[in-house]
Every structure is written in C-alpha cells, then in structure tokens.
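Visitor: any chance you can model this:
(2 chains)
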Amino acid sequence: MINFLFLLTLLIYLAASIFQTLSLALGNRTEAMAIRLTIESLAFWGTLVGFAFLTLFIPLWWLQQGHFPMTHWTDSIAFFAWAVTLIYLIIVRLTHLRTLGSFVMPVAFIAILISYSFATHTAALPEPLRNYWLLAHTTLIFLAYAAFIAAFGFGLMYLMTERKIRKKTDTLLDNLLPSLGISDELGYRCTILGVILLTMGVIVGSLWTQYIQDVPWRWLDVKVISTLMTWLIYVVQIGLRQFWGWHGRKAAYAAIIGFVAVLCTYAGVEIFLDSMHTYR
Amino acid sequence: MHPIVSIGTSHHIAPIEFREKLAFSEAQLTEAVQHLRETYQVQEAVILSTCNRVEVYAVANSMRSNDAAAKMLVEFLSRYHRISPESLKKWTYLHHNLASIRHLFRVAASLDAMVVGESQILGQVKAAYDASREAGGARTILNRLFTKAFSVGKRIRSETTIATGAVSISYAAVELAKKIFNTLEGKTVAIVGAGEMSELTAKHLVSNGVSNVIVANRTYERAVKVAEKFNGTPLAYDSNLDFLIDADIVISSTNAPDYLIKRQPLADIMRKRRHRYMFLIDIAVPRDIEPDVNKIDHAFLYNIDDLEAVVASNLKGRQQEATRAEQIVTEEAKRFYDQLQIFQVNPTIKALHQQFREIADTELQACCDKASLTDQQAAAVTSMTQAIIKKLLHDPMKNLRYAVNDGNADHAQYVQALQELFALDVKDEEPKS
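Guide: As a prediction, this is how the structure comes out:
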C-alpha cells in the first residue's frame, strides 16, 4: 500500500515537473494562450498535491520504522525532495512567482525517482542515534540544501533572461521569466537563507557529537570537510557581492557552482566515500 | 420586435474632414440624444463620438421596419450636422440587429481600432453609454446591449493576448526596462541629446516609476528647456560622460556623426557604478553608441532597429489573436441576439398566461359559489382548469419559442398577432441587473 502510494507520488511529481517545464516553454506566446492557463494551474496544483502526498510519508514511515525516517539514504533523499518543494512553495507564497518550479520540480522528481528505485530495505537506526538532535541536524541541513537549489533555479532563470535580452530573441517579452533584477535579488536571498540554515545545522550537529555524545570531533571526516567547503563557497559569494559588487551574472554562476558542491557533498560522499555520516 | 439600428463612420472608411463634421461634442451629446428621442420617436439611443469614430445606436419602435429606422437615423444626422444625405451614404455604414450588435462588440473589444487591442476605446464606449443613459437614451434593450459589450470586451482582453505587448517604440523600451530592473522606482534616466522620441520614452518611463531625469545636451539652454518638463537636472556635456555613472537608463539621440559612447569609457563607468545594470537605448541615426557596448557585463544596448523588431513582433501577435477574438465576438453576438429575442417575447407570453389565469379564476369563483362544492370537489375542479390552461398554451408557446430560436423572422408577426387577437397589455420588462 505504502509502495503504491509512493509510486503515485512519484507520478504526480513527474506530471508536475512536465507541466511546469511546459508552461515555461509556452511562456506568454499568443498561439498557446488558450491552453497556457490550464497548464499553469495543472502544474501548480500538481505540485501542491504531490507535496501533500509526500508530507504524508513522513509520519507513515515514522510509524512503520518506529523512529524518524532518515536513516536509510533512500528515505533521506525523499525528505530532500520534500524540503525542496516546501521551500519552493514558500517562495511562491511570498513572491507569487511560480516559474521557479520549472527548475526545482524536476530536481525533486529525480530525487523521488532515486528514492523509489532503490528503496529495497530499511535499516534500523542504532539506539544512540534516536533523538531529536539528529532530527534537527538533518532537517536544518536539508532545508539549507533546498534553499541552495532554489538559488540555483534563480541563477538559471537569470542566465536565460540575460541571454534573451542580449541576443534580442523573439521570445524576449513573451516569457514568464522575471526581470534580471528580481532573479538576482531572490537568488541572493535564498543563498543567505541557505547559509543561515546550514550554519545552524552544522552547529547543532557538532554540539551534539561533542557534548551529548561525547565523541571526539573528527575533522577529517569527508562529509564534514565537503560541507565546510560548500559553506565556504556560499559565504565567499555573499562577501564578494557585498564588498566587490559581484551580482548578476557572476552570482548566477556562483549559484550553479554551489549547486554542484551541494550535490557532491550530499550524493558524492554518499556513493563513493566512507564517512561517519554515511547512511546505511 | 424592436429593430436595433446603428449608423456610423470611422477612420477605416472616412477622412478626418468628414469625421469632424459628424462629431458630437460632450455638450451636444445630451441634447442630441434627447432630440433624437423626441423628434424622431426613437425608443432608445446611444451616441459614441471619439476622434476615430462617430456612431449612433438606436432602438426603434416595434412598428417600424429596419429600413424605415435606418432612414430615420440618416435624416437625423443629415439635419443635425447639415450634411447632405449623399455624402452620409458614401462615408457611413449602416447595421441592423445582429450586425449592429456584432459591430458594437467589435468596437468595445478594440478589434475595429486603428491599433488593434488599444485599451482606450472601452473607456470611451463606457463614457458614451453613461452620458446617453443620463440623457434618458439607454433603457431596457440598450442597457442590456452595452452591459454585454463591456463584458465581451473584458472577456477578450483576458482570454486573448490582443491587448498585450508594446506596439510603440517608447512602450517597447519601457517593457524592456521592466525585464532588466527589479523595479523602476528610484531609477535614473539620462536623456542625451534631444528629440521627440526620447522625450516620449522618458515620459513613459517616469509614469512607470522612474524618479530622476538627467538631461544632457551640448548646449546648456536646450538641456534646461527639456529638463523643465520632467523636473529634471540639466547639464551640458563635452567629452566627459561621468554623468552616466548615475544613469540606469540612457536614451541617446544626438546628431553626432561618430560614436559618442564607446566601449572602453563605458566599461570604466560601469566599474565606477559597481556594475549596476545599465539599459542603453540608441535611437539616433547615425548611431551614438558603439555596438560593442552590448558586450559589457550588465550593460544592455538596444538601437532603433532592435526596438522596431520588438514592436513588429508584438503587432504580429496581436493580428493573430484578432482572429480568435473575432470568433468570440461572433459567438457572443449571436447568443445575445437570441437571448434578446426571447427576452422580447417573454412579456407577451407572461401577459397571455396572466389573462388566461384571470379568466379561469373568475369563472371558478362563480362556479364554486353557484354549485356549493365541497373542498375536495373545488380542489379537483381547480386543478382541472389549470391543466386545461397549461395544455391549451403548451403548443403555441413551444412553437413561438422555436420560431425565436430558429431565427425565424415570423415570430415578430406571431407576437404581434397574439397581442392584437387577445388584446394583451404588454409592458417591456426592466432588465435584471
């Protein structure tokens, strides 16, 4: 039953991603006027329903496993998709800008697809790890990742708009992309939000290991190092923007580099390297 | 049936010399509507008079034929404006019923406008309708007709892109600026050189939120003159372009034979303004701004051809959309016409039912009094009478409605026959809001 529901969620995310992308592709183009509004609302409602379903899985898995569902990496990647959608919906609520969905929903869909394809077993969580410190630590970090994904989306939107303006293309004004200034500004805010969340997540994690668990701090842990690298990439980006006026195109590229760093930290370490953070 | 007739002229068929003769000033409007109603016995009238068109919509008495009604309007215009009927015939169009309705819908939807999709016309039609209503011109039928025309106009604006996209160079510049800056509030525009086009563009930018205007000219006096219009800062430039450091939008239209703004100096200026976005509009021929400026990070250059391409593509889009809008107009006009006819038949149907019921009630009362029926018997007789009325009227009413829905012209005669044969007292219904 749970499996079937999860498959359904996966399909809803697929549909939402397709409709989101389609609505961006159609833009304000006159020929597509009649179906455009339908596609846009399908995309948005698909996202909402998909998110509602995904939200349902957190208590479901929790009950099924007897502890919060973030132990096996397939659960964690579904949780990542959940965080990405949540941040997206918050941005829509605040800015009424749905276009970002065309970039973040496919990311969420791929995450769920991976989760669905590999979810073969669920490992029990060792007793010492069953506490709310770990829950807070992982939640904060996933929300930070989600904010970085949103910044990445805004970066891509910025580059697409800039290209259109520069090349004077036909679809220059017939698109749903926001202005350069808006993409840039919102991307920056997402970056700041991400850095704050990531910092908090890291602090919670290290306090927990040092004072509660009484485990010596392992600086050489791969995950720790790559997380710090990611953090540094974003902090340097903020600094350059504040003090050297690095905004616009450079900021957009930085958001993409940051995205790659997040992927490496999250997935790369998971797959290729061994760390005390590895999910089992 | 009351015929709806309209007569009018527009920029499509008549030159300005004729349109101005036919125009009604605001002061004339009330008086003309009243005159039309009193002298020509028109039941309802609305006069629309703008710089591009003059149109009279009228509902004639039901006894008149379409042609008689049309003749009456021609006579009115020719006497009122002292124009010969021949030239009226040459420069005006006449529509009846469905064609009138369709024409008004097209006008309100801005399909008949000089620039298809321009938004002014809907407001003008509204103003004309309001003025004529106050003068007592618009009543039952024209109230319905114009209310519907506004909703059709709105529907077309929301369901098609006929009214979107800039169709002039200056608006195209504003739309482009909106694709670059997050807001135009607090931004600064610099006008370099002078010219009508650059002033117009600056004006549109200011009305969209741009707050500071710098006017730079080789001669300070000229700069002052233009700057006064915008409450802006005048300045005389020579070769020093440092004033561009503060400019977010630059509109250049000088007579300089060579490039005024070149890549390298502008790159320096961009550095000094910390690479904030700069939108440069070069409407000078020969050009003022070196094309390579478009390669500088965060500086975007558009020349007159680029802007014209934007306008051309928007116009093309509007043309495509117009076809779809025409379909909507045709559908809506047909539906409205059908409804209007049913609406006009309804009072007759109601009156007929009323009369039958009254006769039955009187007779029933007499019968009950005479025969001293029990309650049960009285109820049986009452329901039988009602059934008889219903069955008697069923077929005639059905056929009448069919005739209306089929667009059968006979139904007007049916209605008139019914009214006369049964001596019905039919009052026009007031429209439901």
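
Visitor: how close does A:C264 sit to chain B?
Guide: Separation of A:C264 from chain B (Cβ to the nearest Cβ, to the nearest Å) stands at 28 Å. (Each C-beta comes from the backbone N, C-alpha and C, glycine too.)

Visitor: ok, that residue - how many residues close by?
Guide: The number of residues packed near A:C264 is 15, by other Cβ atoms under 10 Å in any protein chain shown.

Visitor: SS state for it?
Guide: Of the three states, A:C264 takes helix according to DSSP: H, G, I helix; E, B strand; the rest coil.

Visitor: quick one, helices of chain B?
Guide: Taking DSSP state H as the test, the helices found in chain B are B:16-22, B:26-40, B:66-81, B:85-91, B:97-108, B:120-134, B:140-159, B:169-180, B:196-207, B:220-230, B:263-272, B:304-371, B:375-405, B:411-421.

Visitor: what do you get for the stretch 51-200 of chain A?
Guide: A:73-95, A:101-118, A:132-167, A:180-207 (DSSP state H, counting those that start in this stretch).

Visitor: once you drop chain neighbours, what's closest to B:A284?
Guide: B:S253 (4.6 Å; Cβ to Cβ, 6 or more residues apart in numbering or on different chains).

Visitor: I figured the one you found hits B:M197, correct?
Guide: Yes - if you go by Cβ atoms under 8 Å, B:S253 and B:M197 touch, sitting 6.5 Å apart.

Visitor: which residues do those two both contact?
Guide: Here B:S253 and B:M197 have B:I283 as joint contacts, going by Cβ atoms under 8 Å, 6 or more residues apart in numbering or on different chains.

Visitor: which one's more surrounded, these two?
Guide: Using other Cβ under 10 Å as the criterion, B:S253 and B:M197 rank with B:S253 on top: 22 against 19.

Visitor: okay, and the beta partners of that one?
Guide: Note on B:S253: beta-bridge partners by DSSP bridges are B:G193.

Visitor: check the gap between it and B:G195 for me.
Guide: Using Cβ to Cβ, to the nearest Å, B:S253 is found at 4 Å from B:G195.

Visitor: could you name every residue contacting both of these two?
Guide: In contact with both B:S253 and B:G195: B:I283, using Cβ under 8 Å, 6+ apart.

Visitor: for A:I90, see how far away the nearest residue to A:A150 once chain neighbours are set aside is.
Guide: Excluding the flanking residues, the one nearest A:A150 by Cβ to Cβ, 6+ apart is A:C190, at 4.4 Å. Distance of A:C190 to A:I90, computed by Cβ to Cβ: 10 Å.

Visitor: now do the contacts for A:A16.
Guide: A:43, A:46-47, A:50, A:101, A:105, A:109.

Visitor: which residues touch A:F19?
Guide: A:39-40, A:42-43, A:46.

Visitor: closest to B:D288 among those residues?
Guide: A:E40 (41.5 Å; Cβ to Cβ).

Visitor: surely that closest one and A:G101 touch.
Guide: No - the criterion here is Cβ under 8 Å, and A:E40 misses it with A:G101 at 9.7 Å.

Visitor: more neighbours: those two, which one.
Guide: The residue with more neighbours, out of A:E40 and A:G101, is A:G101; 28 against 20, by other Cβ under 10 Å.

Visitor: wait, that one sits on A:T47?
Guide: Yes - using Cβ under 8 Å, A:G101 is in contact with A:T47, at 6.0 Å.

Visitor: any shared contact partners between these two?
Guide: A:16, A:20, A:88.

Visitor: could I get the contacting residues of B:E26?
Guide: Per Cβ under 8 Å, 6+ apart, neighbours of B:E26: B:A131.

Visitor: check it and give its pLDDT.
Guide: On the pLDDT scale, B:E26 is placed at 83.

Visitor: likewise A:E270?
Guide: The model's pLDDT for A:E270 equals 65.

Visitor: so where's the chain shaky on pLDDT?
Guide: No chain specified, so I'll use chain A. Applying pLDDT under 70 to chain A flags the ranges A:28-34, A:70-71, A:119-130, A:212-220, A:268-280.

Visitor: my bad, the chain I had in mind was chain B
Guide: Residues of chain B that meet the cut-off, pLDDT under 70, sit at B:1, B:63, B:405-410, B:427-433.

Visitor: pick out the residue of it closest to chain A.
Guide: Proximity of chain B to chain A (Cβ to the nearest Cβ) peaks at B:N182, 2.9 Å away.

Visitor: what's the burial count for that residue?
Guide: Residues within reach of B:N182, counting by other Cβ under 10 Å, total 16.

Visitor: my guess is it meets A:I182, correct?
Guide: Yes - counting by Cβ under 8 Å, A:I182 is a contact partner of B:N182 at 4.5 Å.

Visitor: close to chain B: what parts of the stretch 51-200 of chain A are there?
Guide: By Cβ under 8 Å from any Cβ of the partner chain, the part of the stretch 51-200 of chain A that sits against chain B consists of A:161, A:164-166, A:168, A:170, A:172-174, A:179-182, A:184-185.
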